[in-house]
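[1] What follows is a predicted protein model with its sequence.
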Amino acid sequence: MVTDATRVRLVPVEDSYVQSTTASTNYGSSSGLLSKPTYGGSPDRIAYFKFDVSALAGKTVTSAVLSTSNQITDGPLDVAR
């Protein structure tokens, strides 16, 4: 396995989502992060991730990649984090 010493992997330290119709509700303990645009009168949802970027202190970042695993569903989520 080849390791590139110039790459740093960051994992989220916190995550949540917001929904347009319930802006004051905290979904931080939800089992999934919901994200979707408004469609047919339904509320939109936006997912957020918080990263600890202290490992990047003093470094120049020239590119970044966000990788996620996603599930598309019309029903409830059954996936644990």
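    Alright, I've got the coordinates.
[2] ok, now which ones touch the residue nearest in space to the middle of the chain?
    For the chain, residue 49 is the residue whose C-alpha lies nearest the centre (Cα atoms, centre = their mean; 4.2 Å). With contacts defined as Cβ atoms under 8 Å, 6 or more residues apart in numbering, residue 49 is in contact with 12, 14-15. (C-beta placed from N, C-alpha, C; glycine too.)
[3] if you set the cut-off to 7 Å instead, what comes out?
    12, 15 (Cβ atoms under 7 Å, 6 or more residues apart in numbering).
[4] so which helix or strand takes in it?
    Taking DSSP states H and E as the criterion, the element that holds residue 49 is strand 45-51.
[5] Show me what counts as buried in that strand.
    residue 45 (16 or more other Cβ atoms under 10 Å).
[6] Give the rounded mean pLDDT of it.
    What strand 45-51 shows for mean pLDDT is 89.
[7] and if you look at stretch 67-78?
    72.
[8] Next: stretch 16-29.
    Stretch 16-29 comes out at a mean pLDDT of 84.
[9] Quote the end-to-end distance of it.
    8 Å (Cα to Cα, to the nearest Å).
[10] do stretch 44-55 as well
    33 Å.
[11] Likewise for stretch 49-65?
    14 Å.
[12] State the number of residues packed around residue 33.
    19 (other Cβ atoms under 10 Å).
[13] repeat for the one 4 residues further on
    In terms of burial, residue 37 registers 9 neighbours under the definition other Cβ under 10 Å.
[14] Now it: closest residue in space, sequence neighbours ignored.
    residue 44 (5.4 Å; Cβ to Cβ, 6 or more residues apart in numbering).
[15] For that neighbour, list the residues it contacts.
    20, 36-38.
[16] Please repeat the previous calculation with a cut-off of 8 Å.
    Applying Cβ under 8 Å, 6+ apart, the residues near residue 44 are 19-20, 36-38.
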